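Colleague: output the structure for:
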Amino acid sequence: MSADDFCINKFVPGYFSRINEDGSYSNGSGCGNDTASERNMVRKYIVDSVCYWADVFEYYKGLIKFRKAHPALRLSTSEDVKKYVKSVEGLGDNIVGINIKGGQKDESAKEMYLLFNANTDKAKVTIPEGKWKVCINGQKAGVETIETIKGGEYTMDGISALVLVKQDGAAMTIVIVLIAAAVVVAAGVVIVVMKKKKTNR
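Modeller: Purely as a prediction, here's the structure:
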């Protein structure tokens with residue numbers, strides 16, 4: 001593809017790329033043409049693109065982090081896929097979904113529910129019963145909980161993904177126990193310190 005075929009050069013000929021006096025494209029970069037970054041709207045196009053890519057970069061970092069955190073997303077045999085993964089039926093047009101059961105080694109999730117809305121408009125989907133952590137939506141991705149939702153109707157943004165995690169009850173119990181233990185220890189330390197202060201008086 002030549003610079004003549006570039007969409008912006010078709011829209012505004014001779015603006016986005018530098019042109020020599022003889023009408024040919026400047027090729028100081030050795031790539032066939034040079035971007036005319038000295039022009040205001042070309043500079044704005046570059047800055048806007050970099051800002052967009054920065055957001056996309058962070059989003060993909062979150063996707064990768066989420067995948068690494070969940071062995072259920074790294075099944076290596078067709079038998080495991082058949083055992084743990086089921087397609088979600090009854091979704092609207094251009095919406096696909098899969099349900100993944102936990103139980104794999106080192107998998108903390110009891111279940112995952114993954115949906116993608118390929119429509120440009122918002123779409124309503126039905127979430128299974130239970131308490132779900134939203135870890136990925138149209139704006140954010142990662143292992144942290146964006147929000148917690150319950151089963152029922154949910155509205156997805158257009159052209160967006162939705163990844164829900166139902167935590168293993170046993171894992172949550174361990175976390176609660178550890179937090180409770182930490183609180184008890186902290187309270188014990190405070191009591192000891194207060195007693196020492198009274199004794200010193």
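
Colleague: so S49: helix, strand or coil?
Modeller: helix (DSSP: H, G, I helix; E, B strand; the rest coil).

Colleague: can you give me the neighbour number for it?
Modeller: By the measure other C-beta atoms under 10 Å, the count of residues near S49 is 10. Glycine gets a C-beta too; all of them are placed from N, C-alpha and C.

Colleague: per-residue pLDDT, it?
Modeller: Looking at S49, its pLDDT stands at 93.

Colleague: R43 versus that one, what's the distance?
Modeller: Computed with C-beta to C-beta, to the nearest Å, the distance linking S49 and R43 is 11 Å.

Colleague: T126 now?
Modeller: T126 is 47 Å from R43, by C-beta to C-beta.

Colleague: return the backbone torsion pair for the spatially most central residue of the chain.
Modeller: Centroid-nearest residue in the chain, with C-alpha atoms, centre = their mean: A141, separated by 2.1 Å. The phi and psi torsions at A141 (degrees, to the nearest 10) take the values phi -150, psi 140.

Colleague: that one is in contact with L63, isn't it?
Modeller: Yes. Judged on C-beta atoms under 8 Å, A141 makes contact with L63 at a distance of 4.8 Å.

Colleague: okay, V12: pLDDT?
Modeller: For V12, the predicted pLDDT is 86.

Colleague: could you give the number of residues near V88?
Modeller: 16.

Colleague: start to end distance for stretch 33-46?
Modeller: 16 Å (C-alpha to C-alpha, to the nearest Å).

Colleague: ok, now stretch 5-13?
Modeller: One end of stretch 5-13 sits 10 Å from the other (C-alpha to C-alpha).

Colleague: now stretch 114-121
Modeller: Stretch 114-121 has an end-to-end distance of 18 Å (C-alpha to C-alpha).

Colleague: and for stretch 22-37?
Modeller: 20 Å.

Colleague: ok, stretch 108-126 next?
Modeller: 24 Å.

Colleague: got a list of contacts for stretch 2-19?
Modeller: 25-26, 28, 32-36, 39, 41-42, 45 (C-beta atoms under 8 Å, 6 or more residues apart in numbering).

Colleague: any chance of those residues in JSON lines, with neighbour count too?
Modeller: Putting the contacts of stretch 2-19 into JSON lines (neighbours: other C-beta atoms under 10 Å) gives the following:
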{"residue": "Y25", "neighbour count": "17"}
{"residue": "S26", "neighbour count": "15"}
{"residue": "G28", "neighbour count": "8"}
{"residue": "G32", "neighbour count": "12"}
{"residue": "N33", "neighbour count": "20"}
{"residue": "D34", "neighbour count": "17"}
{"residue": "T35", "neighbour count": "17"}
{"residue": "A36", "neighbour count": "16"}
{"residue": "R39", "neighbour count": "14"}
{"residue": "M41", "neighbour count": "12"}
{"residue": "V42", "neighbour count": "18"}
{"residue": "Y45", "neighbour count": "15"}
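
Colleague: now the helices: where do they sit in the protein?
Modeller: Using DSSP state H, the helices of the chain run over 7-11, 40-69, 78-84, 169-200.
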